[in-house]
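*Asks:* 3D model of this:
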Amino acid sequence: MPADLAVIGLGHHGLPLAQAATAAGIGTIGYDTDPRPVAELTAGRSPVDGSLTVPEIRRMLSGGFRPTADPTELGRVRTAVLCAPTPLGPDRALDLTAVTDSARVLAARLRPHTTVLLESPVPPGTTEGLLRDLLETGSGLRAGRDFHLAYSPGRLDPGSRTHGFAGTPKVIGGLTPACTESAAAFYGRLTDKVVRARGPREAETVKLLETNFRHVNIALVNEMSVLCHELGVDLWDVIRCAETKPFGFQAFRPGPGVGGHGAPVDTVGAHRPLRLVELAGQVNERMPRYVVQRAATLLNEHGKSARGARILLLGITYKPDLSDRQGSPADEIARRLMDLGAAVSYHDPLVPDWRVRDLPVPRADSLYEAAAHADLTVLLQHHRTYDLQGLSVKAQLLLDTRGATPAGAAHRL
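*Replies:* Okay, here's the model as predicted:
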């Protein structure tokens, strides 16, 4: 099958797009400036924790998906989508290094009439500013005249059984109306609904708003969690009742920290900081420390000290039923417990080994035996395989940071 699409960036943004395109019968190549994911995919292995399973990767390969380390192949496609990672830098701003590198590679091979799309989280103005300049300078072509250029925010719910690629509307903002329509024609082959934004800046800001919305609302319930514990109020029952309101409320739930790949962005270039987002980040970043404080207090209330205590951590991934540990609070919680002198072990059916401070953390094989042996068991992530009713019976002391156990069966966050 000749390639019609190039996905540039084979991480948690790019692989699901490549999977959807391949399933739709679009000839797709996958390119990355880092040769390691190309090698892993060629061998039938997933280079990203939990992004796609090995059987899914193999189905893609058999369906025509072709990973490649040859940049010349980028000049043979009609559509190229940049899905490079943009992690937060030391200044809390998005690091665009990978986007810049990918754009330069593409620009050197860019042909007239190609549609270039950017899906990476970026500051508003990046598509029509930095990206446009790189592509035009490197190719000698003009965006909006010789090739189409547009932005579409990546919208993924990893592991979701209800929000797949086809059922999730795709927002598109093109440099010109023709750019928008070219992008819409491409995404219309993959999704049931296309939403046209006024332009690239609006589409880029959609991603900024959606990501910050999640973090701000999680921070609110995290603060409510601390308050409700002090008041002796069952926050989980409060949320259960509040979410029956048919308007003006969306339920979020507290937890030991906020993981995932969508980091909150409170600084956008030289513009004024987003103070509410900045404060939300501070609240959420305190949660691992709060979990450790609650753990130490529980042990003390039962006549034990954190020093020398055997503490079992359950579920160390950032999301239930996924092996991805990106941003998981488990690492910080384990480090802080170790600093208190606790003997930390873990159980997670999706993570065969775990290192903290370059040291292996003992992995429990038998969940019930480990919980019975531990002075304290802390549920950090609720995987489907966990029998929490049975666990609450076996564990000497159980701290549930997810509100997943039956009422009264454990100490909740």
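*Asks:* contacts for the helix or strand containing V99?
*Replies:* Assigned by DSSP states H and E, V99 belongs to helix 97-107. Here helix 97-107 makes contact (CB atoms under 8 Å, 6 or more residues apart in numbering) with 6, 8-9, 31, 33, 71, 74, 80, 82, 84-86, 116, 118, 120, 122, 126, 130-131, 134-139. C-beta coordinates here come from the backbone N, C-alpha and C atoms, glycine included.
*Asks:* and the contacts of stretch 352-360?
*Replies:* Residues outside stretch 352-360 that contact it (CB under 8 Å, 6+ apart) are I316, A330, D331, A334, R335, M338, V344, Y346, D348, V361, R363.
*Asks:* go with 10 Å
*Replies:* Contact partners of stretch 352-360, identified using CB atoms under 10 Å, 6 or more residues apart in numbering, comprise 313, 316, 323, 325, 330-335, 337-338, 344-346, 348, 361-363.
*Asks:* avg pLDDT for it?
*Replies:* What stretch 352-360 shows for mean pLDDT is 94.
*Asks:* any idea how far apart the tips of it sit?
*Replies:* 11 Å (CA to CA, to the nearest Å).
*Asks:* buried residues, that stretch. List them.
*Replies:* W354, V356 (16 or more other CB atoms under 10 Å).
*Asks:* quick thing: my sequence starts at 29, can you match it?
*Replies:* New numbering, starting at 29: the last item is stretch 380-388.
*Asks:* how far is it from where the chain is centred?
*Replies:* 21 Å (CA atoms, centre = their mean, to the nearest Å).
*Asks:* same check on stretch 32-39?
*Replies:* 18 Å.
*Asks:* pull out the buried residues from it.
*Replies:* Using 16+ other CB under 10 Å as the test for burial, stretch 32-39 gives D32, L33, A34, V35, I36, G37, L38, G39.
*Asks:* thinking again about what came up before, packing partners of the helix or strand that comes right after the helix holding V127?
*Replies:* The C-terminal neighbour of helix 125-135 among helices and strands, as given by DSSP H and E, is strand 143-146. With contacts taken as 3 or more CB pairs under 10 Å, 6 or more residues apart in numbering; DSSP states H and E, strand 143-146 sits against strand 33-36, strand 107-110, helix 125-135, helix 160-167, strand 176-179, strand 198-202, helix 205-215, helix 228-259.
*Asks:* would you format these as a markdown table with distance to N328 included?
*Replies:* Shown next, in a markdown table, are the helices and strands packed on strand 143-146 (distance: least, CB to CB, whole Å):
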| stretch | distance to N328 |
| --- | --- |
| strand 33-36 | 52 |
| strand 107-110 | 52 |
| helix 125-135 | 46 |
| helix 160-167 | 57 |
| strand 176-179 | 52 |
| strand 198-202 | 50 |
| helix 205-215 | 55 |
| helix 228-259 | 15 |
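*Asks:* which of those sits closest to G436?
*Replies:* Closest approach to G436 among the helices and strands packed on strand 143-146 is made by helix 228-259 (15.3 Å; CB to CB).
*Asks:* the inter-axis angle of the closest one versus helix 160-167?
*Replies:* If you take axes from the mean of the first three to the mean of the last three CA atoms, to 10 degrees, helix 228-259 sits at 140 degrees to helix 160-167.
*Asks:* what number of residues lie near the residue lying closest to D98 once chain neighbours are set aside?
*Replies:* Nearest non-adjacent residue to D98, counting by CB to CB, 6 or more residues apart in numbering: Y59, 7.9 Å away. By other CB atoms under 10 Å, 25 other residues sit near Y59.
*Asks:* ok, now the one 3 residues further on?
*Replies:* For D62, the count of nearby residues is 16 (other CB under 10 Å).
*Asks:* and the gap between it and G42?
*Replies:* 12 Å (CB to CB, to the nearest Å).
*Asks:* between the two, what contacts are shared?
*Replies:* If you check D62 and G42 against CB under 10 Å, 6+ apart, the residues they both contact are A112, P113.
*Asks:* picking up where we left off before, pick the one among the buried residues of stretch 32-39 closest to A334.
*Replies:* A334 has its nearest neighbour among those in G39, at 37.5 Å by CB to CB.
*Asks:* about what we covered before: got a list of what the residue nearest to D98 touches?
*Replies:* 34-38, 42, 65-66, 94-99, 101-102, 105, 108, 130, 133-134.
*Asks:* hang on, L340 in a strand?
*Replies:* Yes: L340: assigned to a strand according to DSSP: H, G, I helix; E, B strand; the rest coil.
*Asks:* among the contacts of Y59, name the buried ones.
*Replies:* Neighbour counting over the contacts of Y59 (16+ other CB under 10 Å) leaves 34-38, 42, 65-66, 94-97, 99, 102, 105, 108, 130, 133-134 as the buried ones.
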